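**Student:** compute the structure for the input listed below.
(2 chains)
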Amino acid sequence: MDLGLDVKERNGWAVLSVQGEVDVYTAPQFREQLIELVDQGQRSILVDLEGVEFLDSTGLGVLVGGLKRVRSHDGDLALVCTQRRILKVLEITGLTKVFTIHDSVDAAVGGNGQG
Amino acid sequence: MDRVIELEIPARPEFVGIARMAVGALAGIRPGLAYERIDDLRIVVSEACTAALEALGDEGKLRLRCIDGPKTLEVRIEAPGVAFESAFPSDEPGPAVDSFRISLIRALVDDAELRSSPGRTELCLVLHREAASENDENLPA
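**Tutor:** Alright, predicted model coming up:
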């Protein structure tokens, strides 16, 4: 089971695209990537979850940890997600109120969030 | 007719995906569970296995027993010899992984019961199937 992680720069945002399944096995790679971005000085991080096929509480913990880390440096971490199965997990855990969730990377980097 | 399938996996992170894939595949054999509900079950199985695995510390085995009946699908997850009920605190402490886990388990299966005794914990998860087909019993076992 592989996790795909790809980082691109868009309008001042570090866009981290995640592909595959995020669970207890793959979450450490995801966590390390977020930590690395913050350590590199990125303060606006957008995590694109459109390619994620599975996400459980371990993955949610990584997202919350990343948000706390970047906010401690006066930054922000937002999400791109339109997948019902992933949004459902975020809704059940109350995280739709914690993260700004965008419909697309374009909408996010243009500043048109919905959350 | 109930069909019972048992699976034992090493208590290591790389095997949690195999557990949820196997349970998801089993859940789809008999009619009565929508794809979305099978997806829900996969999440809960992943949560339960991860909790057990954290208690085991990468050693030992996880045992899954799936009882596939016409009206319900029951999945029992046990880490033999190890108690992991502490992974499911009764009072949610806040936005931590444990509270996410509890919220997901409560929301995504019809019944979840934690059975614990000294040195032993079993998490029993139940999904109720929608009206089963009359021909359901004729499915290959």
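**Student:** how close does the closest residue to A:Phe30 other than its chain neighbours sit to A:Glu32?
**Tutor:** Of all residues not flanking A:Phe30 in the chain, A:Val62 sits nearest, at 4.9 Å (CB to CB, 6 or more residues apart in numbering or on different chains). All C-beta spots, glycine's among them, are computed from the backbone N, C-alpha and C. Going from A:Val62 to A:Glu32 by CB to CB, to the nearest Å gives 10 Å.
**Student:** who has more neighbours, the two?
**Tutor:** Between A:Val62 and A:Glu32, counting by other CB atoms under 10 Å in any protein chain shown, A:Val62 is the more crowded of the two (25 against 12).
**Student:** list the contacts for that one?
**Tutor:** For A:Val62, the contact set (CB atoms under 8 Å, 6 or more residues apart in numbering or on different chains) comprises A:Val22, A:Ala27, A:Phe30, A:Arg31, A:Leu34.
**Student:** and which of those is nearest to chain B?
**Tutor:** A:Ala27 (8.6 Å; CB to the nearest CB).
**Student:** mind checking pLDDT for the closest one?
**Tutor:** For A:Ala27, the pLDDT comes out at 97.
**Student:** check contacts around it.
**Tutor:** Counting by CB under 8 Å, 6+ apart, A:Ala27 makes contact with A:Thr58, A:Gly59, A:Gly61, A:Val62.
**Student:** can you list the residues of chain A near chain B?
**Tutor:** For chain A, the residues in contact with chain B (CB under 8 Å from any CB of the partner chain) are A:1, A:21, A:23-25, A:54, A:56-58, A:60-61, A:64, A:84-85, A:89, A:92-95, A:98.
**Student:** possible to save the contacts of A:Val62 as TSV with distance to B:Pro70?
**Tutor:** Supplementary listing: the contacts of A:Val62 in TSV, determined by distance: CB to CB, whole Å:
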residue	distance to B:Pro70
A:Val22	34
A:Ala27	37
A:Phe30	40
A:Arg31	43
A:Leu34	45
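**Student:** and of those residues, the nearest to B:Pro80?
**Tutor:** Closest approach between the contacts of A:Val62 and B:Pro80, by CB to CB: A:Ala27, at 25.3 Å.
**Student:** leaving out sequence neighbours, find the closest residue to the closest one.
**Tutor:** Distances taken as CB to CB, 6+ apart put A:Thr58 closest to A:Ala27, at 4.5 Å, once the chain neighbours are dropped.
**Student:** quick one: the strands in the chain?
**Tutor:** Went with chain A since none was named. Counting by DSSP state E, chain A has strands at residues A:3-10, A:13-22, A:44-55, A:76-80, A:101-102.
**Student:** my bad, the chain I had in mind was chain B
**Tutor:** For chain B, applying DSSP E gives strands covering B:3-10, B:61-68, B:72-78, B:111-117, B:120-128.
**Student:** circling back: wait, which of the strands of chain A is closest to B:Arg106?
**Tutor:** strand A:44-55 (17.6 Å).
**Student:** about what we covered before: export the strands of chain A to JSON lines and tack on mean pLDDT and distance to B:Leu26?
**Tutor:** Below are the strands of chain A laid out as JSON lines (pLDDT from 0 to 100; distance: least, CB to CB, whole Å):
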{"stretch": "strand A:3-10", "mean pLDDT": "97", "distance to B:Leu26": "25"}
{"stretch": "strand A:13-22", "mean pLDDT": "98", "distance to B:Leu26": "19"}
{"stretch": "strand A:44-55", "mean pLDDT": "98", "distance to B:Leu26": "17"}
{"stretch": "strand A:76-80", "mean pLDDT": "98", "distance to B:Leu26": "32"}
{"stretch": "strand A:101-102", "mean pLDDT": "98", "distance to B:Leu26": "33"}
